[in-house]
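Trainee: heads up, no residue letters with this:
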């Protein structure tokens, strides 16, 4: 029955999906080319997700973050990637997407903050996986529940750091400073009340709490938000160290088909 429904949805108009990365120095395949990244140095999450989406008729746009290549990272370049640099890159990519068919955005993790830098009034739909609905501070404190006061002091110390100082492998200090100054993420998405949003979240996500998924619907409303939680799934909507590309593509197909169907019914 599900296969029949997905087959019907495959007839709906498709377009282009822009895949936005999370915080780490990912290349276009969704891999961090540095052994220190652990499982993210081995996965090719965005490559496999693109393949699944392309099977369903979507055109997919992927990219390397500045300073990131297939097999290495140039940290002299990457350390400059603050919010302005990433926002410029995303908007330049966005301007190349064909406008005669739907244009969707898929953002993973901290990329949900970066997705809001796009002209949301031009976006036909947004998919957020393990996304942040409030702000990065909430996620940092959740990740370090045992070290609350120490984390607060470290965040205060950020203001005195060089903006290009790397905080671990993932991000330069300047980007985190920029993100800490952002308003709650849902406030920006709520300014586009006709924008359909699909929230995907693994219930065993150890990097962004599942409470962030519930907060989207609470703050924006069920008419705009569709939430799908996956039992025991990780930050990539998969299990163990695997990604959930196939399941994600299926959820996007179902969600987009329902949106198109509802619009056709209203037009009659």
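Mentor: Received, thanks. These figures come from a predicted structure and were not determined experimentally.
Trainee: okay, strands next: where are they in the stretch 1-150 of the chain?
Mentor: With DSSP state E, counting those that start in this stretch as the criterion, the stretch 1-150 of the chain has strands at 16-20, 59-61, 103-108, 125-129.
Trainee: which of these sits closest to residue 201?
Mentor: Closest to residue 201 of these is strand 125-129 (CB to CB; 7.2 Å). The way it works is simple: take the backbone N, C-alpha and C, and place the C-beta from them, glycine included.
Trainee: got the angle between the closest one and strand 103-108?
Mentor: 10 degrees (axes from the mean of the first three to the mean of the last three CA atoms, to 10 degrees).
Trainee: what packs against strand 125-129?
Mentor: Strand 125-129 sits against strand 103-108, helix 111-115, strand 197-202, helix 245-267, with contacts defined as 3 or more CB pairs under 8 Å, 6 or more residues apart in numbering; DSSP states H and E.
Trainee: so how far is the shortest one from its chain's centroid?
Mentor: The gap between the average C-alpha position of helix 111-115 and the chain average comes to 6 Å, counting by CA atoms, centre = their mean, to the nearest Å.
Trainee: and stretch 72-92, by the same measure?
Mentor: Using CA atoms, centre = their mean, the offset of stretch 72-92 from its chain centre is 16 Å.
Trainee: need the contact partners of that stretch.
Mentor: 18, 20, 25, 32-34, 63, 65-68, 114-115, 117-119, 163-166, 171-172, 174-175, 177-179, 182 (CB atoms under 8 Å, 6 or more residues apart in numbering).
Trainee: repeat for stretch 210-228
Mentor: 128, 130-134, 138-139, 184, 186-187, 189-190, 193-203, 229, 251, 255, 258.
Trainee: now that stretch: buried residues?
Mentor: Neighbour counts over stretch 210-228 (16 or more other CB atoms under 10 Å) mark 210, 212-213, 215-217, 219-220, 224-226, 228 as buried.
Trainee: quick revisit: list only buried entries from the contacts of stretch 72-92.
Mentor: For the contacts of stretch 72-92, a burial check counting by 16+ other CB under 10 Å picks out 18, 20, 25, 32-34, 63, 65-68, 114-115, 117-118, 164, 171-172, 174-175, 177-179, 182.
Trainee: please narrow the residues you listed to those residing in helices.
Mentor: Counted as lying in helices by DSSP state H, out of the buried ones among the contacts of stretch 72-92, are 114-115, 174-175, 177-179.
Trainee: okay if I get these as TSV plus pLDDT and distance to residue 50?
Mentor: Formatted as TSV, those follow (pLDDT from 0 to 100; distance: CB to CB, whole Å):
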residue	pLDDT	distance to residue 50
114	98	18
115	98	17
174	96	30
175	96	25
177	95	32
178	96	28
179	96	26
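Trainee: circling back to that earlier point, take the helices and strands packed on strand 125-129 and write them to JSON lines, including distance to residue 158.
Mentor: Supplementary listing: these in JSON lines, determined by distance: least, CB to CB, whole Å:
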{"stretch": "strand 103-108", "distance to residue 158": "24"}
{"stretch": "helix 111-115", "distance to residue 158": "16"}
{"stretch": "strand 197-202", "distance to residue 158": "28"}
{"stretch": "helix 245-267", "distance to residue 158": "33"}
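Trainee: indicate which one of those is closest to residue 154.
Mentor: For those, proximity to residue 154 was assessed by CB to CB; helix 111-115 is nearest, at 19.4 Å.
Trainee: what packs against that closest one?
Mentor: strand 16-20, helix 83-94, strand 103-108, strand 125-129.
Trainee: and of the ones in helices among the buried ones among the contacts of stretch 72-92, the nearest to residue 14?
Mentor: Closest approach between these and residue 14, by CB to CB: residue 115, at 19.6 Å.
Trainee: surely that closest one touches residue 105?
Mentor: Yes: counting by CB atoms under 8 Å, residue 115 touches residue 105, with 5.2 Å between them.
Trainee: give me the common contacts of the two.
Mentor: Joint contacts of residue 115 and residue 105 (CB under 8 Å, 6+ apart) are 20, 126.
Trainee: now stretch 174-193, how far from the centre of its chain.
Mentor: The answer for stretch 174-193 is 14 Å, by CA atoms, centre = their mean.
Trainee: what residues sit buried inside that stretch?
Mentor: Those would be 174-179, 182, 185-186, 189, 192, for stretch 174-193 by 16+ other CB under 10 Å.
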